[in-house]
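> Could you work out the structure for the sequence below:
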Amino acid sequence: AGWRDAMATPRAGEVDLYVQQKGKRSPLVLVGALATAGVLVAGFAAFKKGNTVLSQRMMRARVLMQGATVALMIGTSGLIAGKEMLGRKDAAE
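Purely as a prediction, here's the structure:
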């Protein structure tokens, strides 16, 4: 019984947040990840064809897409956490 066992199983009365939030993911994050991958592949294709200007633009667009995806991840996790906090508060009253 090491620290891994203690981390893997919650104690009585504790809530396993991973299990609670497992199904609550934003489809927008998946769309952002796929869009990022699409821009990345298009940038590699342009580079392979020798179109360095388009390739550079695509890599810049990839960075923007990644930033938007991370912002969506942070925003949606905050919304989910906020809804759960409100739900717990309402249940306590």
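
> Could you report the neighbour count for the closest residue to residue 42 other than its chain neighbours?
Nearest non-adjacent residue to residue 42, counting by C-beta to C-beta, 6 or more residues apart in numbering: residue 58, 5.3 Å away. C-beta coordinates here come from the backbone N, C-alpha and C atoms, glycine included. As a burial measure, residue 58 scores 21 neighbours (other C-beta atoms under 10 Å).

> same thing with the one 4 residues further on?
Neighbourhood size, residue 62 [other C-beta under 10 Å]: 19.

> Could you grab the helix/strand/coil label for residue 78?
helix (DSSP: H, G, I helix; E, B strand; the rest coil).

> switch to numbering from 43
Shifting the count to begin at 43 puts that one at residue 120.

> Tell me the spacing between it and residue 109.
Distance from residue 120 to residue 109, counting by C-beta to C-beta, to the nearest Å: 17 Å.

> list the contacts for the residue nearest to residue 84?
Applying C-beta atoms under 8 Å, 6 or more residues apart in numbering to residue 100 gives the contacts 81-82, 84-85, 88.

> host element of it?
Assigned by DSSP states H and E, residue 100 belongs to helix 94-134.

> Let's test this: mean pLDDT of that helix, rounded?
Mean per-residue pLDDT for helix 94-134: 85.

> same thing with stretch 72-88?
So the average pLDDT for stretch 72-88 ends up being 95.

> Pull out the buried positions in that stretch.
Counting neighbours by 16 or more other C-beta atoms under 10 Å, one finds that the buried residues in stretch 72-88 are 74, 77-78, 81-82, 84-85, 88.
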